[in-house]
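Q: model the structure of this input:
(chains A and B)
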Protein chains: 2
Amino acid sequence: MQEYTKYMADRVKTMKGSAIREMFKRMADPEIISLAGGNPAAELFPGEELSKIAGKILMTSPTLALQYGTTDGYPQMKECARKRAEKVNSVGENDEILVMTGANQGIDLTAKALLNKGDAVIVENPSFIGSLNAFRAYECRLVGVKVEDDGMSMEELENALKTNKNVKMIYTIPTFQNPTGVTMKLEKRKRMIELAREYDVLVLEDNPYGDLRFSGEDVPTVKSLDTEGRVIYAGSFSKILSPGMRLGYIVAPAPLAEKIEMLKQVNDVHTPMLTQLMCVEFMKKYDIDRYIAKNRELYGKKCAKMIENMEKYFPADKVKWVAPEGGIFIWCECPSIEDITPVIDRCLEKKVAIVPGSNFAVDMFAPSNMFRLNYSSATLENIEEGVRRVGEALAELL
Amino acid sequence: MQEYTKYMADRVKTMKGSAIREMFKRMADPEIISLAGGNPAAELFPGEELSKIAGKILMTSPTLALQYGTTDGYPQMKECARKRAEKVNSVGENDEILVMTGANQGIDLTAKALLNKGDAVIVENPSFIGSLNAFRAYECRLVGVKVEDDGMSMEELENALKTNKNVKMIYTIPTFQNPTGVTMKLEKRKRMIELAREYDVLVLEDNPYGDLRFSGEDVPTVKSLDTEGRVIYAGSFSKILSPGMRLGYIVAPAPLAEKIEMLKQVNDVHTPMLTQLMCVEFMKKYDIDRYIAKNRELYGKKCAKMIENMEKYFPADKVKWVAPEGGIFIWCECPSIEDITPVIDRCLEKKVAIVPGSNFAVDMFAPSNMFRLNYSSATLENIEEGVRRVGEALAELL
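A: A predicted model of the protein is given here:
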């Protein structure tokens, strides 16, 4: 075979795929309990409702469902996205809404519209690997800011803004952050807006988990605090309807939305029509907030189950975590060790999968003593058994 | 509102959207006959079959259809794509197949994997605007090579390879090219492979129309002539099943496919599951080649109808065209004028939409005396009436 590296763009030469998604490919073994992914609970998927909806759409409106659509999104689907964003006061008067084939596409194309090679993006450290890798592909510099129990450190953020050149944006998942589960407190959100103004940068707010609060009080989105059109908001139907449908959206000031739309036009032309029409019909016929409430309740139960078993099975005083008030992740730190890798491997031997912290770090090669647990996807029984096995591995190695 | 240009990446500052897709947005007027788009015939869409298939999938396999999938594609969908590609001998032994959310995504991400700023891409001039704009977004140089009645000029191609630095790839739609409808003859395909070897560049072969031949003899794909792993092949289900489903694929040497897959992972994570599963079931239950044959027959009829009326209504000897043997487009030249724009505008006044040649040109700002007609989408009656109106406009202005 040819040597292909010479043909490749610099941006991909050193690119690594998500180790998590790679792990999935290897996880064909049905005995493995996965606490690794970010999958929502499948047991509540409205399969029957969507089956009827899809069947009817294709029978009564085959041309609409099967022909080309417009790049910005099917008009009624844009309205559905608008409703979700308006519910959290996150549509400004000069904003446009674009339907995306999953929120990740919105993040990727926003980065593509903003980032020149060498520009800096300030990110929570750790953060969602899908976004970090999307940014990396534009050959920008990632500047990490530590995540505290109440969100991104504002001191470090200010320092990062002060000391880095060509910062284009701050990327944040302020609510039930991936991977830490942490929610940024209101004062910090306000401060972030102030700092963005002071240093004249944009903010990309990624909010896929915001609807999944099962305790505590809602905190306004960063976007809702923005009076200057500095915040681009990425929303998702993946955690409130179905990730396999790949439906998300971007709310952005019109001049930026216009560019993002052009980039989508040359990327996938438009989001598939059938899935858009299905979402529209689902929101017409059913109360999506009631459906989300059921998910929230289930996640609250699953989270409690996980913490109860972490307290029972994890070696006492050797693992630190913050109980989340929503979302789907718990982030754990093992202060007595430097590198979690042997624990991850031991877990796989015991047929339970968890994700090492290094995956989410700005510096992927530095050792990490952290790991991420997911409670949305496994059953209550598997959460108990999975956590028990992780506890065994920890006890053997810490 | 803020001034946003300062935040934008250089790549989007001068970017223009596809005028064709913009035109669609304005074409809400139902009296307008569109000969402008690239839409396949909706009258044959298998809505009823797909309705039953979608309903059943969501009823019996809701988790599979609604949960996250893998980035490379659902395994059985990859097999469906492989079958289509193998039918035209276009899978090499070291190739991998990736399912794409439309072939355009495959073209965009292939360009992203290959192109550094300043690299050159050699393209047919004119060519498909979606691909040209995708390439432009990576800040490469487009080098146009003229399209003759039997495909890209090999003399110009050789000259372009000789005189341009950092050529990474040749992009070609060799069969029923968009917009010219022209098919590259076999000798030229062989020569293209030779030249690619001699100058050590890759070839990206885009073949969305290859199945739509209604007269003449099939010509082997460029990919099928490649013994060195130089050709990346983009296939599509848009013109043989449904464009609104957004299903395409890429066949690429494994080391390149690996990078393209990583770029897809951070773009839309994976192609929606339901549409993939629907395509798999459709190909299991029905003979897709019989369905394609019906489309081919219809397109042959529509093309004949269009040419019959062009001969009847276009001013004699003022418009030149080559009758296509397949695909969905006829390309027209008006040698007596320099700029087709007044004709396009007059056509819109007469409520018929056609696309000016400048849209497909490497230099979008140079005047063009060409226009593109589409015959797949309009009804036979509208083809006659639409061509009559275009003929009127031409008679008034030529």
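Q: contacts and neighbour counts: CA atoms only from here.
A: Fine.
Q: where in chain A is pLDDT low?
A: A:1, A:17-28 (pLDDT under 70).
Q: need the helices for the stretch 101-250 of chain A, in chain order.
A: A:103-114, A:129-136, A:154-163, A:186-198 (DSSP state H, counting those that start in this stretch).
Q: how far does stretch A:42-52 sit from its chain's centre?
A: The chain centroid and the centroid of stretch A:42-52 are separated by 23 Å, computed with CA atoms, centre = their mean, to the nearest Å.
Q: now do it: everything it contacts.
A: With contacts defined as CA atoms under 8 Å, 6 or more residues apart in numbering or on different chains, stretch A:42-52 is touched by A:241-242, A:278, A:282, A:295, A:377, B:54-59, B:61-63, B:66-67.
Q: would you show me how to pick out the buried ones of those in PyMOL?
A: To isolate the buried members of the contacts of stretch A:42-52 in PyMOL, using 16 or more other CA atoms under 10 Å in any protein chain shown:
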select buried, (chain A and resi 241+242+278+282+295+377) or (chain B and resi 54+55+56+57+58+59+62+63+66+67)
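Q: which of the contacts of stretch A:42-52 fall within strands?
A: For the contacts of stretch A:42-52, not one is inside strands, with DSSP state E as the criterion.
Q: got the helices of the stretch 101-250 of chain A as CSV, with mean neighbour count and distance to chain B columns?
A: Formatted as CSV, these follow (neighbours: other CA atoms under 10 Å in any protein chain shown; distance: least, CA to the nearest CA, whole Å):
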stretch, mean neighbour count, distance to chain B
helix A:103-114, 27, 4
helix A:129-136, 23, 5
helix A:154-163, 16, 15
helix A:186-198, 17, 12
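Q: touching chain B at all, the top strand by length along chain A?
A: Ordering each strand of chain A by length in residues (DSSP E) puts strand A:141-148 first. No: Strand A:141-148 stays clear of chain B (CA under 8 Å from any CA of the partner chain), getting no nearer than 14.3 Å.
Q: that strand - contacts with which helices or strands?
A: Applying 3 or more CA pairs under 8 Å, 6 or more residues apart in numbering or on different chains; DSSP states H and E, one finds that strand A:141-148 contacts strand A:120-125, helix A:129-136, helix A:154-163.
Q: helix or strand right after the helix or strand A:W331 falls within?
A: Taking DSSP states H and E as the criterion, A:W331 maps to strand A:329-333. Next helix or strand after strand A:329-333 toward the C-terminus (DSSP H and E): helix A:341-349.
Q: contacts for that following helix, please.
A: Outside helix A:341-349, the residues that reach it (CA under 8 Å, 6+ apart) are A:32, A:353-356, A:389-390, A:393-394, A:397.
Q: quickly run through the sheet partners of the longest strand of chain A, with directions.
A: Its sheet considered, strand A:141-148 pairs with strand A:120-125 (parallel), strand A:151-152 (antiparallel) by DSSP bridges.
Q: gap between A:G248 and chain B?
A: Separation of A:G248 from chain B (CA to the nearest CA, to the nearest Å): 10 Å.
Q: give the bridge partners for that residue, please.
A: Applying DSSP bridges to A:G248 gives these bridge partners: A:M100, A:S236.
Q: report the contact partners of it.
A: Residues near A:G248 by CA under 8 Å, 6+ apart: A:81, A:99-104, A:106, A:234-238.
Q: okay, the helices and strands packed on strand A:141-148 in JSON lines with distance to B:F314 next?
A: Shown next, in JSON lines, are the helices and strands packed on strand A:141-148 (distance: least, CA to CA, whole Å):
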{"stretch": "strand A:120-125", "distance to B:F314": "57"}
{"stretch": "helix A:129-136", "distance to B:F314": "51"}
{"stretch": "helix A:154-163", "distance to B:F314": "64"}
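Q: A:P253 is nearest to which of the ones you listed?
A: Among these, the nearest to A:P253 by CA to CA is strand A:120-125 (19.1 Å).
Q: contacts for the closest one, please.
A: Contacts of strand A:120-125 with the rest of the structure, by CA under 8 Å, 6+ apart, involve A:135, A:140-147, A:152, A:157, A:160, A:164-173, A:360-362.
Q: again, 7 Å this time
A: For strand A:120-125, the external contacting residues (CA atoms under 7 Å, 6 or more residues apart in numbering or on different chains) are A:140-147, A:152, A:166-172, A:361-362.
Q: repeat for stretch A:187-194
A: Outside stretch A:187-194, the residues within contact range by CA under 7 Å, 6+ apart are A:154, A:222, A:225-226.
Q: C-alpha coordinates for that stretch, CSV please?
A: Output in CSV follows, covering the C-alpha atoms of stretch A:187-194 (Å, rounded to 0.1, in the frame of the first residue of the first chain):
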residue,chain,number,x,y,z
GLU,A,187,-22.3,34.9,39.4
LYS,A,188,-19.7,33.1,37.3
ARG,A,189,-22.0,33.2,34.3
LYS,A,190,-22.4,36.9,34.7
ARG,A,191,-18.7,37.3,35.1
MET,A,192,-18.0,35.3,32.0
ILE,A,193,-20.2,37.7,30.0
GLU,A,194,-18.4,40.7,31.5
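Q: any idea which helix or strand comes after whichever helix in chain A runs longest?
A: For chain A, the longest helix by residue count, based on DSSP state H, is helix A:288-313. Counting by DSSP H and E, the element after helix A:288-313 in chain order, helix or strand, is strand A:320-321.
Q: and that next one, how far from the chain's centre?
A: With CA atoms, centre = their mean, you get 21 Å for strand A:320-321.
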